[in-house]
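Participant: Make a model of this:
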Amino acid sequence: MAGNTITRADLTDAVYRALGISRNDSAAFVERILEEVAARLEDGETVKISSFGTFSVRDKKLRMGRNPKTGEEVPIAPRRVVTFRASHVLKDKINAAHKGKEAAE
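Facilitator: Model prediction:
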């Protein structure tokens, strides 16, 4: 799957195949999970998914940037950004899969 992007439709299909529930129920299930994660992040909470990772919101301060074309200094407004930190379990799985691919080459 290198280079591909997983979409909501892909997640819905995976839930459909794994649980055997209808496609509409699978779509609603995926949508509800994503809505819940987004709502918690909007409230500034941290979302931890065991064996996967942690999503959190970080506040960035006002800072000065530079327009690369003109060199002019431009203020970059304060904002909130979502960060993700992978769990050790996920990192280990990714690294094991990568080592397996390297050995096969």
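
Participant: any idea how far the residue nearest to Val47 when sequence neighbours are not counted is from Glu36?
Facilitator: Nearest residue to Val47, sequence neighbours excluded (C-beta to C-beta, 6 or more residues apart in numbering): Phe55, at 4.4 Å. (Glycine included, C-beta is placed from N, CA and C.) For Phe55, the distance to Glu36 equals 12 Å [C-beta to C-beta, to the nearest Å].

Participant: ok so, going back, which strand residues bridge the residue nearest to Val47?
Facilitator: Val47, Phe84 (DSSP bridges).

Participant: Name all residues that make contact with it.
Facilitator: Val37, Leu41, Thr46, Val47, Lys48, Ile49, Val82, Thr83, Phe84 (C-beta atoms under 8 Å, 6 or more residues apart in numbering).

Participant: okay, now Ser26: neighbour count?
Facilitator: 20 (other C-beta atoms under 10 Å).

Participant: What are the structural domain limits within the protein?
Facilitator: What automatic domain parsing lists as the domains of the chain is 1-43, 44-105.
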